[in-house]
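In: Provided below for reference: sequence and predicted model.
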Amino acid sequence: MTEPETAVHHYIEALESVAGGEPATIRELRRAAMDRFAVLGFPSMKNEDWHYTSVAPISTRAFSRTMSSSTVAPTDIEPLLFGSPDWPRLVFVDGWFVPGLSNAPDLVGVHAGNTADALAGGRTDRLSELGTIATFDDAAFTALNTALMQDGAVIRISRNAEIATPIHLVFLTAQPVPLSVSFPRNLIVLEHGARATVIESHVGLRDDSYLSVPVTEISLGEGAKLEHIKVQNESVSAFHVGTIQARQARDSELHSFSYAAGAELSRTNVHTLLDGEGSSCTLNGMYMVSGLQHVDHQTRIEHAQPNTTSREIYKGILDGQSHGVFNGKVYVRPEAQKTDGKQSNNNLLLSANARVDTKPQLEIFADDVRCTHGATIGRLDEVALFYMKSRGLDPEQARTLLIYAFAADVLEEIGVEQVRDSLEAAVFARVRGEELVTSD
Amino acid sequence: MLEIKGLRANIGENEILKGVDLTVKKGEIHAVMGPNGSGKSTLAQVIAGHPAYTVTGGSITYEGNDLLDLEPEERAQSGIFLAFQYPVEIPGVTNAYFLRSAYNAIRKARGEDEVDPLEFLDVMEEKMKLVDMDPAMLNRSVNAGFSGGEKKRNEIVQLAVLNPRLAILDETDSGLDIDALRIVADGVNKLRSPEKSAIVVTHYQRLLNYIVPDYVHVLAGGRIVRSGGKELALELEEKGYDWIQDAPVTAAAAGAGSRA
């Protein structure tokens, strides 16, 4: 254990270990980010954005940045895949790209490479959006990721290319030593009119304490449409602080789903800037935790232009002594007239000791808008359970069906059938008390 | 088939049933009538095993077994069905899925094979015709967004599919217009058989024009204060409930002698 100040210093030192030979712009970006992190430090609970989540388990430990990937067998990857094994995938182990486990897409209109190679090869043309979407002025973990980013996926979809097959990014931690940290950095760029689906899986192979701080930047050109699905199934002793940050041009559509069931402590930020007229986003998510798990989501939708639309549904299922946090921010700038926003967060507590803090937050500076939000926290409906039992269903079956029904409408919105089926199965498994988090 | 003796039941600290005796034989239809707050619905729900009520005395014997010893699902599996006064909405679970789960749960309890979805679809569509219900309802969530009448009809569809030996209709007529009432009653009448019994709980005589009972009981103040044939219902319709409450009853129950 170390003090947070010591931990901050530990990361500043880690910057020295970042390999040289990168373009000057990247070196400057790293340096600026680390300078900012040194000023911000780890967020305390006095910070409004971290009011219900203590990062002490992260800030009082010295995690070491992984320098290479450990060996992983293809059979370890197979259970993590959705749909066909032929789907293009980029696999990262301990934060580093592993070509041997990957299946590079051979699709017209798709560039799928990795960040480390682009950095080392000086291909800043492929990284031109890097650091411009996920800003770090008031985001300590994004600053830390930017300073120490290692590798990640660079996905670029050309103008009007429609990619039907999902591209799967797998982030697997398999480090045999505890207290490792990886800083995956992804960039997803869809040019004018392009369409694609990207799935991100974050999984731990061992039940160790490790930290993962991924950042995904998304740039959507005019009329582009992206389905982005994040599946967080880290080991139950792990820590995960991830950020997905998007910028959307005119008439673009972002459909995001964030699923969080793993990690001892996880925080997922999903932020989007509706920066073009007619752009829209759907930010959905589900979290399902038990035991002593802590799961936190913060979403931020910024309506910056007229006629923009946002839809948001987050659902939480909490058992044991777990703690869920949801903070949904919606900003409507003065010029964003005719904004149409709907947000809801519903939580189901399965035990008397589970806890949820939910905070919808609307800040509206335009006068002609339609925005609604709502949050609920409830328990299983005893009357509904009795109704089902009175029709012959046994209590376990009735409970399972009710919990499933709670989650069904948001799961149904997942655009990839194979992911939807897999997450539905995960809900059923969790309800039956089976171990969900993949370990060993 | 069903024998209730000296049944007493509480909700919280409140005693609602204060010694109910009722015997229902195979093939019989019994109407239980009474003013608001008399305990009619409580009786129906206690038979089905509603957890909100505590039985504090007396017994219920069903087909020779102690019914109070059984969980709600075991009661359902042994052939008891309660049509709810307020059917519960279950968003996210389709009627088809719910009904099939219930049907299979009951078959499984009897040691019979479960049916597959396609086979079952035929069963359901046929039963829906009984109450003139659109088969499209099968793919809608259980009772979610249904009108009052649709919910009541849906209860009868469930009744028809699950085919119980003892059906309890708890104010199935309340909130129904005359056409809907006729449809629901027709549905119930088609299910009548010498092997099956029913308890029809109602505030109004109206329903009994369509579902003609063998016996009528008046429940007031938590006890059955009068029993008779179907003509008793007509008498109640004419005179209201006040005249019949000769037994000592609580002020709340006595004050509720509204006319139909």
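Out: Arrived safely. Residues are numbered from 1 along each chain as shown, chains lettered A, B, ... in the order given.
In: Quick check: phi and psi on residue 240?
Out: You didn't pick a chain, so chain A it is. Here is the backbone geometry of A:His240 (degrees, to the nearest 10): phi -140, psi 120.
In: can you check B:Glu126 too?
Out: phi -60, psi -40.
In: quick one, what contacts it?
Out: For B:Glu126, no contacting residues are found, by Cβ atoms under 8 Å, 6 or more residues apart in numbering or on different chains. Quick note: C-beta positions are derived from backbone N, CA and C, even for glycine.
In: That one and B:Ala102: what is the separation?
Out: According to Cβ to Cβ, to the nearest Å, B:Glu126 and B:Ala102 sit 17 Å apart.
In: Run through the bridge partners of A:Ile218.
Out: Beta-bridge partners for A:Ile218, by DSSP bridges, are A:Ile188, A:Ala246.
In: Just give the number of residues close to it.
Out: 27 (other Cβ atoms under 10 Å in any protein chain shown).
In: do A:Ala366 as well
Out: Neighbours of A:Ala366 using other Cβ under 10 Å come to 16.
In: One more: A:Arg432?
Out: Under the neighbour criterion other Cβ under 10 Å, A:Arg432 is assigned a count of 10.
In: which residues touch it?
Out: Contacts of A:Arg432 (Cβ under 8 Å, 6+ apart): A:396, A:400.
In: Could you do A:Val431 as well?
Out: Contact analysis of A:Val431 by Cβ under 8 Å, 6+ apart lists A:399-400, A:403-404.
In: swap the cut-off to 10 Å and go again
Out: Listed by Cβ atoms under 10 Å, 6 or more residues apart in numbering or on different chains, the contact partners of A:Val431 are A:288, A:317, A:319, A:350, A:396, A:399-404, A:407.
In: So which of those residues sit within strands?
Out: A:288, A:317 (DSSP state E).
In: Name the nearest of the contacts of A:Val431 relative to chain B.
Out: Of all the contacts of A:Val431, A:Leu401 has the smallest distance to chain B: 5.7 Å, by Cβ to the nearest Cβ.
In: now that closest one, nearest residue through space, not along the chain?
Out: Excluding the flanking residues, the one nearest A:Leu401 by Cβ to Cβ, 6 or more residues apart in numbering or on different chains is B:Val93, at 5.7 Å.
In: which element is A:Asn307 on?
Out: Under DSSP states H and E, no helix or strand contains A:Asn307.
In: So what's the residue count around it?
Out: A total of 18 residues lie near A:Asn307 under the criterion other Cβ under 10 Å.
In: what's the burial count for A:Met388?
Out: Neighbourhood size, A:Met388 [other Cβ under 10 Å]: 29.
In: scratch that, B:Asn65
Out: By other Cβ under 10 Å, the residues close to B:Asn65 number 12.
In: do the same with A:Glu253
Out: A total of 18 residues lie near A:Glu253 under the criterion other Cβ under 10 Å.
In: what's the spacing between it and chain B?
Out: To chain B, A:Glu253 is 26 Å away according to Cβ to the nearest Cβ, to the nearest Å.
In: so what's that residue bridging to?
Out: When assigned by DSSP bridges, A:Glu253 has beta-bridge partners A:Lys225, A:Ser280.
In: Okay, now the unreliable bits of chain A?
Out: A:1-2, A:433-440 (pLDDT under 70).
In: where exactly do the helices run in it?
Out: Using DSSP state H, the helices of chain A run over A:4-16, A:24-40, A:56-59, A:74-77, A:115-120, A:140-148, A:382-389, A:395-411, A:417-431.
In: closest one to A:Ala249 among those helices?
Out: When the helices of chain A are compared by Cβ to Cβ, helix A:140-148 sits nearest A:Ala249, at 21.8 Å.
In: elements contacting the closest one?
Out: For helix A:140-148, the helices and strands in contact under the criterion 3 or more Cβ pairs under 10 Å, 6 or more residues apart in numbering or on different chains; DSSP states H and E are helix A:4-16, helix A:24-40, strand A:180-182, strand A:185-190, strand A:215-220, strand A:239-248, strand A:265-274.
In: The ones you listed into JSON lines, with extra columns for distance to A:Val416?
Out: Shown next, in JSON lines, are the helices and strands packed on helix A:140-148 (distance: least, Cβ to Cβ, whole Å):
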{"stretch": "helix A:4-16", "distance to A:Val416": "36"}
{"stretch": "helix A:24-40", "distance to A:Val416": "33"}
{"stretch": "strand A:180-182", "distance to A:Val416": "25"}
{"stretch": "strand A:185-190", "distance to A:Val416": "16"}
{"stretch": "strand A:215-220", "distance to A:Val416": "17"}
{"stretch": "strand A:239-248", "distance to A:Val416": "17"}
{"stretch": "strand A:265-274", "distance to A:Val416": "17"}
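In: Tell me which residues touch residue 103, please.
Out: Since no chain was named, I'll use chain A. A:77, A:81, A:85-91, A:112, A:167-168.
In: switch to chain B, that's the one I care about
Out: Applying Cβ under 10 Å, 6+ apart to B:Tyr103 gives the contacts A:391-392, B:114-115, B:120, B:123-124, B:158, B:161-163.
In: Flag every residue of the stretch 151-260 of chain B that's near chain A.
Out: By Cβ under 10 Å from any Cβ of the partner chain, the residues of the stretch 151-260 of chain B that approach chain A are B:158, B:161-162, B:164, B:168.
In: can you give me the mean pLDDT across the helix or strand encompassing B:Asp122?
Out: Following DSSP H and E, one finds B:Asp122 within helix B:117-130. When pLDDT is averaged over helix B:117-130, the result is 86.
In: Please report the distance of the closest residue to A:Gly341 other than its chain neighbours from B:Ala48.
Out: Leaving aside its sequence neighbours, A:Gly341 sits nearest to A:Cys371 (Cβ to Cβ, 6+ apart; 4.1 Å). According to Cβ to Cβ, A:Cys371 and B:Ala48 sit 44 Å apart.
In: Count the neighbours of the nearest residue to A:Pro166 once chain neighbours are set aside for me.
Out: Spatial nearest neighbour of A:Pro166, excluding adjacent residues (Cβ to Cβ, 6+ apart): A:Thr197 at 4.1 Å. Neighbourhood size, A:Thr197 [other Cβ under 10 Å]: 20.
In: looking at it, A:Thr197 is touching A:Ala164, isn't it?
Out: Yes: the pair A:Thr197 / A:Ala164 is scored as a contact, 8.0 Å apart, by Cβ atoms under 10 Å.
In: what sits against B:Arg153?
Out: Neighbour list for B:Arg153: B:87, B:128, B:130-133, B:137, B:146-147, B:172, B:176, B:180, B:183-184, B:187 [criterion: Cβ under 10 Å, 6+ apart].
In: what residues are up against A:Val203?
Out: Counted by Cβ under 10 Å, 6+ apart, A:Val203 has contacts A:76-77, A:79-80, A:170-174, A:212, A:231-235, A:238, A:262, A:437-439.
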